[in-house]
Every structure is written in C-alpha cells, then in structure tokens.
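1. no FASTA, just this:
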C-alpha cells in the first residue's frame with residue numbers, strides 16, 4: 001500500500017479546509033467550462049502525460065476535484081496534495097513541492113474571471129500542475145526544483161512586494177472592495193516594486209520556474225508539446241501557445257534566467273526543452289550558483305539583505321537559523337563575525353540541538369567565523385588532546401584569539417561534538433571583543449560559540465522548520481453563498497445533465513424564462529442549456545431561442561464573444 005503524504009507541522013499554517021460542499025453550482029460550471037475547453041483544445045497538443053494524468057489524479061472534467069481524493073490518487077507517483085488559501089511565500093511553496101506535496105489553492109475563479117484570474121485558483125493548481133506529475137522524469141525535476149527554490153534568498157524589498165501583491169490580488173478576486181481600497185493597494189504594489197533594484201536568487205528562481213513549470217514546451221522545436229501549468233489551465237493562452245504568433249526558443253538556462261516576464265500579458269515567446277532530463281540537468285547546474293552551495297561572505301550579505309529567516313552553515317556542520325542583521329568583516333572584506341536579531345536556533349543535520357531552541361536564543365545570537373591565530377588546523381578538527389594543549393578544557397578558563405582579531409575569553413562550560421567535529425563551545429563569565437568593540441559581556445549570560453573556519457552554505461528558511469516555526473493552523477472562512485437565485489438555476493441544469501430526463505424542453509423552459517427575466521447577461525448557463533438541447537433534443541424550439549440570446553450576448557464585449565464562440569464550438 002502506497003503511503004499518503006502528510007503536511008509537516010510547520011507548513012500547516014498555510015493550509016486550509018476545502019469545504020467541498022460549499023462550492024456552488026456556478027463554481028462547478030466554471031470548472032466544467034474551462035476543463036472542457038482545455039481538454040478539447042489540448043488533447044492533441046499537450047504532453048502525453050496530460051490526459052492520462054487527469055484521470056490518474058482524480059480530476060474530473062465535470063466537477064471541481066476533491067483535494068483529499070487527489071492526495072490519495074497522487075500517492076502512486078510519490079506525490080500528494082494539500083489545500084492552501086491563496087498566495088503563500090515562495091520558500092513555503094517550494095518546500096511543499098520539495099516534499100512531494102502539490103499546494104492546491106482552495107478558491108476557484110469567479111464567472112467574470114473565466115479567461116484570467118488575478119489570484120491563484122484551483123483550476124490552475126489542480127488541472128494545470130497535477131496531471132504531468134505522472135511523468136517520472138518531470139516529477140523528479142519538480143521535486144528537485146522545489147529543493148532548490150525553497151533555499152533561494154530574496155531581498156526585504158521583494159518580501160514587502162509579495163505581501164502587497166497578495167493583498168491587491170485578494171481584493172480584486174473577492175470583489176467586495178471599494179475603488180479607493182483597490183487603488184490604494186495598487187499604489188502600494190507599485191511603490192514596493194519601485195524599491196526592488198537588485199536581481200536576487202528568488203527572482204532568478206522565479207524566472208526559471210515561470211519559463212518551465214508554468215509556461216514550458218517540450219520536444220521538437222518545430223512541433224513541441226505543452227507541459228507548463230499556466231498554458232494547461234488557460235482558456236486562451238494554451239490554445240495560442242503553438243501558433244506562429246508565439247516565438248519558440250530552444251531551452252538554454254542562461255537565456256531563461258536572464259529573461260523577465262509580465263504576468264498580465266500573453267507570453268510573446270516560449271522556451272522548448274528537448275526532454276525533462278534537460279530541465280533536471282539545468283536545475284543542477286543552476287544550483288551551483290546559489291548561496292546554499294557557494295556559502296561565504298557574499299551569501300551572508302544576501303541573508304542580511306533578506307531581513308527574513310535564513311540559515312548559515314559553518315564548516316563544522318553547525319547550522320544557525322535566525323534573521324541575520326549584521327556581518328562584521330576583516331580587513332580583506334571577509335566575514336569574521338555574524339549576528340542575528342530575535343529568535344535564533346542552532347541545529348546540525350537539520351535537527352535542532354538540544355538546549356539551543358529559540359527559547360534559549362530568543363534575543364539573537366552572535367559568533368566568530370575563522371581560524372585561531374597560530375593554529376595550523378581548523379578549530380573544528382582538533383582532538384581532545386589538541387584542545388587541551390590550547391587550554392580549552394571543560395571547567396577551565398580559556399582565551400581564544402582568532403586571526404581576524406576577535407578575542408573570546410571565559411570559562412569553558414561545554415564542548416559539543418558531532419561526528420568527530422567540534423561544533424560548539426559554551427562559555428560562562430565570558431567576554432568577546434573585536435579591538436575596542438565589546439561583542440559579548442559576562443553579565444549577558446552564557447556565550448555559545450559556533451565553531452567553524454568558514455561558512456559553507458547560506459539558505460532561506462530554517463534548518464529544522466518543525467522546531468523553529470510555530471505549528472499554527474489557520475481557520476478557513478466558510479464562503480458566502482453567491483447569487484442564490486442564479487445558483488439554483490445552475491444547480492437544476494446540472495441535475496438534469498447528470499440524471500437525464502425524458503421531457504427536456506419542458507424542464508428547461510422555466511429555467512430559460514427566468515434567465516430572460518432576471519439574468520439577461522449570464523452566458524454560461526445559456527451555453528449549458530444549448531449544449532443539453534443540442535445533444536439530446538436538437539429539434540427543440542427552445543434551442544433556437546437560446547442560440548439567438550447567445551449570439552446577442554456576443555455583442556456585449558470582446559470577452560463574451562470569445563467565451564461564447566468557444567463554448568458553441570465544443571457544444
């Protein structure tokens with residue numbers, strides 16, 4: 001039996017109950033319209049895993065999927081699914097994927113946003129991302145990219161921009177905000193965006209993800225197949241992706257990460273990879289450029305710029321997780337002392353060290369980096385006798401002078417080792433100085449000194465997320481029933497379609513009459529009525545009347561014309 005995926009405790013604060021029974025009949029009709037369009041248009045142009053993957057992942061064309069059922073159905077592919085409530089931070093989003101859990105947004109786009117939704121929705125996540133995960137090579141790429149993406153460092157300005165975009169997007173999608181609120185939120189987005197000047201790791205990761213997982217093509221340059229979720233879930237863009245209007249460019253990692261994108265417009269070009277192994281190989285090459293592989297002073301500086309939780313890994317293996325606020329440097333510009341602000345935890349091998357939780361280091365942490373003066377081996381590699389020769393003995397006073405000039409003087413309280421390396425030395429009655437600057441005073445308590453000659457890795461997020469983060473879960477608001485009268489009409493038509501009837505025209509007549517009287521601008525239910533009649537009662541007098549109303553609605557605006565024309569084509 002294949003084991004279902006379970007969301008780790010520290011990620012549960014981003015999850016939400018689906019409340020499946022609260023999806024309205026209109027919601028299901030929106031899902032059905034988009035899925036029928038996409039299946040019809042993409043069945044021959046999407047990657048071969050798409051159609052089979054829809055069935056395998058418990059995704060029906062007729063109704064919104066139940067994410068609990070998806071979680072079970074994806075298990076044979078090494079995946080699961082969890083419902084989330086809208087935008088979540090990139091670090092968390094990628095960690096879900098790294099752990100083989102597809103985050104599926106709880107909400108579905110409104111009827112007026114069928115062609116484009118300003119916020120993530122279940123159509124994009126479930127119908128776009130899930131099916132192709134049935135392909136083993138693609139699945140491996142997405143998981144590995146999740147592992148890489150979750151470690152990407154962003155700047156504080158980007159974190160602020162993310163929050164502004166999330167607020168703006170939610171106001172637009174929920175539809176109950178005033179014009180002043182929307183305008184203020186839009187101005188905040190622009191203000192935050194204007195403050196972003198550097199191209200961070202997170203932005204580069206975003207470009208890689210956009211041009212592959214979201215808008216990627218695979219196969220022959222002259223006859224590629226669609227695999228990107230943004231194309232597989234878009235009524236308009238997926239159909240246009242393979243046309244001559246969109247330039248096809250051979251996949252090249254350097255070109256991809258140096259190509260920006262505009263989420264508000266159709267893509268003018270798309271990248272075509274030969275196969276999914278090419279993506280996996282490119283991801284591994286890309287990883288070598290990131291701070292979690294490179295480490296060093298430059299990476300620590302990026303952690304400071306992020307002003308968010310990050311982890312620095314000493315060469316001993318000790319991991320320091322916190323918000324880095326200052327890096328002291330030597331005369332060569334290399335880091336010699338790091339500082340965090342606020343709750344900090346110490347870990348090794350991604351497991352929190354006993355006695356070194358955020359409770360212990362609630363007000364921050366500081367420690368030197370580098371070699372001891374006049375010592376030929378790194379401090380972390382010294383044996384008990386070598387430490388003893390230097391006067392570093394538990395219960396005795398010791399004085400450590402680093403090549404950088406940092407001095408540590410105090411009574412050795414504990415020496416902590418892990419896999420034959422010294423990772424931590426704790427001092428009491430300790431003072432730490434850098435020239436005339438006092439970095440730690442005896443009255444501040446115990447000084448826990450991280451041991452390591454260099455910083456090998458720096459990455460976003462916590463080493464041991466389960467213990468560092470508060471395991472809070474949020475309540476999902478129960479949605480308000482939308483347009484009760486109209487929804488009831490949609491529900492009646494859905495029941496007729498699912499259960500069948502011997503008297504179709506008489507059952508649909510009063511529904512069509514009420515549409516005429518009270519819901520003159522609703523095109524989707526008229527389309528469903530037309531479809532039912534066309535398939536089951538093509539000579540009905542009602543079919544011509546509904547068709548005339550649809551033709552009239554096409555003149556309302558360009559979007560109505562596109563949606564109705566495509567619906568009639570499939571019907």
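-> Looks like it arrived, so ask away. Model, not experiment: these values are computed from the prediction.

2. in the stretch 351-500 of the chain, which spans are helices?
-> With helices called from DSSP state H, counting those that start in this stretch, the stretch 351-500 of the chain shows them at 384-389, 465-468, 484-499.

3. Tell me the helix or strand right after the last one.
-> Spelled out, it's helix 484-499. Going down the chain from helix 484-499, the next helix or strand is helix 504-518, by DSSP states H and E.

4. list the buried ones in that next one?
-> Across helix 504-518, burial judged by 16 or more other C-beta atoms under 10 Å covers 504-505, 508-509, 511-512, 514-515. Glycine gets a C-beta too; all of them are placed from N, C-alpha and C.

5. quick revisit: deepest in the core, which of the helices of the stretch 351-500 of the chain is it.
-> Among the helices of the stretch 351-500 of the chain, helix 465-468 has the highest mean neighbour count (mean count of other C-beta atoms under 10 Å), at a mean of 19.

6. if we look at that helix, which residues are touching it?
-> 8-11, 95, 309, 321, 343, 345, 347, 352, 357-358, 462 (C-beta atoms under 8 Å, 6 or more residues apart in numbering).

7. Got a PyMOL select line for the buried ones in those residues?
-> In PyMOL, the members of the contacts of helix 465-468 classed as buried (16+ other C-beta under 10 Å) are selected with the following command:
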select buried, resi 10+11+95+309+321+343+345+347+352+357+358+462
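
8. got JSON lines for the contacts of helix 465-468, with pLDDT and secondary structure too?
-> Shown next, in JSON lines, are those (pLDDT from 0 to 100; DSSP: H, G, I helix; E, B strand; the rest coil):
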{"residue": "8", "pLDDT": "90", "secondary structure": "coil"}
{"residue": "9", "pLDDT": "89", "secondary structure": "helix"}
{"residue": "10", "pLDDT": "89", "secondary structure": "helix"}
{"residue": "11", "pLDDT": "92", "secondary structure": "helix"}
{"residue": "95", "pLDDT": "95", "secondary structure": "helix"}
{"residue": "309", "pLDDT": "95", "secondary structure": "coil"}
{"residue": "321", "pLDDT": "98", "secondary structure": "strand"}
{"residue": "343", "pLDDT": "97", "secondary structure": "strand"}
{"residue": "345", "pLDDT": "98", "secondary structure": "strand"}
{"residue": "347", "pLDDT": "98", "secondary structure": "strand"}
{"residue": "352", "pLDDT": "97", "secondary structure": "strand"}
{"residue": "357", "pLDDT": "97", "secondary structure": "coil"}
{"residue": "358", "pLDDT": "96", "secondary structure": "coil"}
{"residue": "462", "pLDDT": "96", "secondary structure": "coil"}
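
9. Could you dump the contacts of helix 465-468 into CSV and include distance to residue 211?
-> Below are these laid out as CSV (distance: C-beta to C-beta, whole Å):
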residue, distance to residue 211
8, 29
9, 33
10, 30
11, 26
95, 22
309, 28
321, 31
343, 37
345, 36
347, 34
352, 37
357, 40
358, 38
462, 29
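
10. I'd like the average pLDDT over stretch 28-43.
-> Stretch 28-43 shows a mean pLDDT of 89.

11. My error: substitute stretch 113-130 in the last question.
-> Average pLDDT, stretch 113-130: 82.

12. ok, back up a step: just so I know, which of the helices of the stretch 351-500 of the chain lies nearest residue 102?
-> Residue 102 sits nearest to helix 465-468 of all the helices of the stretch 351-500 of the chain, at 18.7 Å, using C-beta to C-beta.

13. Need the residues that contact stretch 515-527.
-> Contacts with stretch 515-527, where a contact means C-beta under 8 Å, 6+ apart, come from 26, 29-30, 33, 111, 114, 485-486, 489-490, 493, 511-512, 546, 549-550, 553, 556, 560, 563-564, 567-568, 571.

14. got it, and stretch 274-291?
-> With contacts defined as C-beta under 8 Å, 6+ apart, stretch 274-291 is touched by 135, 137-138, 140-141, 144-145, 148, 151-153, 201, 204, 208, 212, 216, 218-219, 251, 253, 256-257, 273, 293-294, 298-299, 302-303, 457-459.

15. Could you list which of the contacts of stretch 515-527 belong to helices?
-> Cross-referencing the contacts of stretch 515-527 against helices under DSSP state H gives 26, 29-30, 33, 485-486, 489-490, 493, 511-512, 546, 549-550, 553, 560, 563-564, 567-568.

16. how about low-confidence regions in the stretch 351-500 of the chain?
-> 470-482 (pLDDT under 70).

17. can you rerun that using 50?
-> Along the stretch 351-500 of the chain, segments meeting pLDDT under 50 are nowhere present.

18. where along it do the strands fall?
-> Secondary structure of the stretch 351-500 of the chain by DSSP state E, counting those that start in this stretch: the strands cover 351-352, 364-368, 397-401, 406-418, 421-434, 437-440, 447-450, 455-460.

19. The shortest one: partners in the sheet, and parallel or antiparallel?
-> Using DSSP bridges, strand 351-352 pairs in its sheet with strand 335-348 (antiparallel).

20. What are the buried residues along the partner strand?
-> For strand 335-348, burial by neighbour count (16+ other C-beta under 10 Å) applies to 335-340, 343-348.

21. And for stretch 42-58?
-> Those would be 42, 45-47, 49-50, 53-54, 56-58, for stretch 42-58 by 16+ other C-beta under 10 Å.

22. These: which two are farthest apart?
-> Top of the distance list for the buried residues of stretch 42-58 (C-beta to C-beta): 45 and 58, 23.5 Å.

23. ok so, going back, derive a ChimeraX selection command for the buried subset of the contacts of stretch 515-527.
-> Buried subset of these, written as a ChimeraX selection, criterion 16+ other C-beta under 10 Å:
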select :26,29,30,33,111,114,486,489,490,493,511,512,546,549,550,553,560,563,564,567,568,571
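
24. From residue 283, how far out is the spatially most central residue of the chain?
-> In the chain, the centroid-proximal residue (C-alpha atoms, centre = their mean) is residue 93; its distance is 2.5 Å. Remark: distance between residue 93 and residue 283 (C-beta to C-beta, to the nearest Å) = 16 Å.

25. Next up, the contacts around residue 188.
-> If a contact means C-beta under 8 Å, 6+ apart, then residue 188 has 164, 167-168 as its contacts.

26. same thing with residue 64?
-> With contact taken as C-beta under 8 Å, 6+ apart, residue 64 is in contact with 20, 23, 27-28, 31, 108, 122.

27. If you rank those by neighbours, which is first?
-> The most crowded member of the contacts of residue 64, judged by other C-beta atoms under 10 Å, is residue 31 (25 neighbours).

28. gap between the closest residue to that one other than its chain neighbours and residue 30?
-> Using C-beta to C-beta, 6 or more residues apart in numbering and skipping residues adjacent in sequence, the residue nearest residue 31 is residue 64, 4.8 Å away. Distance, residue 64 to residue 30, using C-beta to C-beta: 9 Å.

29. anything in contact with each of the two?
-> Shared contacts of residue 64 and residue 30, defined by C-beta under 8 Å, 6+ apart, comprise residue 108.

30. quick one, strands of the stretch 151-300 of the chain?
-> 217-219, 224-226, 247-250, 269-273.

31. SS state for residue 7?
-> Secondary structure, DSSP: H, G, I helix; E, B strand; the rest coil: residue 7 is coil.

32. And the helix or strand containing residue 532, what's buried?
-> Using DSSP H and E, residue 532 sits within helix 524-536. Residues 524-533 are the ones in helix 524-536 that count as buried (16+ other C-beta under 10 Å).
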